[in-house]
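Chemist: predicted structure and sequence below. I'll ask about it afterward.
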Amino acid sequence: MIAIKLLLAATAFALPLAAQAGALQLFTEYTPPDIMRDGARIYGISPDKVKEIMSRAGIAYTIEIMAWRRAYELALRTPDSCVFSTSRTPERETLFKWVGPLREVDWTLYGLANSSFRLDTLDDAKKLRIGGYSGDVRAQYLLDRGFMVDAAPDNFSNPRKLIGKRIDLWVTSHQLANGVLSQEGLVGKIVPLLTFHTSRAYLACNKAVPDEQITAMSAAMADIVKDGTSALIDRKYANWRPATAPAH
């Protein structure tokens, strides 16, 4: 039994079977409209930008969607790999080589429209139960500062937990919340109460990725900003609303 448990632990973060020899492995998560999937097609704000970067840099790659914590851990441990979209924080700075930013991300606390409390500062949420998801930088930020965070395996169960009053707040971004609330028919019932931070999200690469590849990707990123491709991709998804239920 011990041997079986050790084997399961060893394979929990095993390399994806579909990895192509010589290709840069890109790991990510399902977070619409930033990152979405339709069958084998992976698309959205960050994937569209990353694909353009790789094309211009002349780098072969694969993209795989998985749980965020696994994606992050794989990128830390796997040479020739990157993870996106990753908030660049002081704690993470020396762990990766960075390409970007791909986009800006707000850190916002959502609550019920009829909430009995008011949030003027982040400290006002200190005694409230906050829903987040495992491995998310926003949830970790609050945990590190002594807030009560209920971390779910994904971000999609938090609106239902909020409606059921199992949590008092939900930490997320406007972009993700707008799509999820529209899909769940909760627009107007759950509202933003406080935006307390904004960060930039990057393609974070394992430190073993060659510097010349990082330089090529960074130059391509600068190019898509300069020629307007990045802004065009942002506008493409600006009014995104989900048509079907998310595939968890």
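Modeler: Perfect, thanks for sending it.
Chemist: show me what contacts residue 108?
Modeler: By CB atoms under 8 Å, 6 or more residues apart in numbering, residue 108 lies in contact with 171, 172, 173, 174, 177, 192, 193, 194, 195, 196. C-beta: built from backbone N, CA, C; applies to glycine.
Chemist: for the most centrally placed residue in the chain, give me its contacts.
Modeler: Centrality entry for the chain: nearest residue to the mean C-alpha point is residue 85, 5.1 Å, by CA atoms, centre = their mean. Residue 85 sits next to 28, 31, 34, 35, 46, 102, 103, 105, 201, 202, 203 when contact means CB under 8 Å, 6+ apart.
Chemist: returning to what we had before: which of the contacts of residue 108 are buried?
Modeler: Applying 16 or more other CB atoms under 10 Å to the contacts of residue 108, the neighbour count classes 171, 172, 173, 177, 192, 193, 194, 196 as buried.
Chemist: between those residues, which sits nearest residue 232?
Modeler: Residue 232 lies nearest to residue 173 out of those, by CB to CB, at 20.9 Å.
Chemist: list the contacts of that closest one.
Modeler: By CB under 8 Å, 6+ apart, the contact list for residue 173 reads 105, 106, 107, 108.
Chemist: can you check residue 233 too?
Modeler: Going by CB under 8 Å, 6+ apart, residue 233 touches 45, 48, 49, 52.
Chemist: again with residue 185
Modeler: Shown in contact with residue 185 (CB under 8 Å, 6+ apart): no residues.
Chemist: separation between it and residue 43?
Modeler: 25 Å (CB to CB, to the nearest Å).
Chemist: what do you get for residue 165?
Modeler: To residue 43, residue 165 is 36 Å away according to CB to CB.
Chemist: more neighbours: these two, which one.
Modeler: residue 43 (17 against 9; other CB atoms under 10 Å).
Chemist: give me the nearest residue to the more buried one, chain neighbours excluded.
Modeler: With sequence-adjacent residues excluded and distances taken as CB to CB, 6 or more residues apart in numbering, residue 43 is closest to residue 36, at 5.7 Å.
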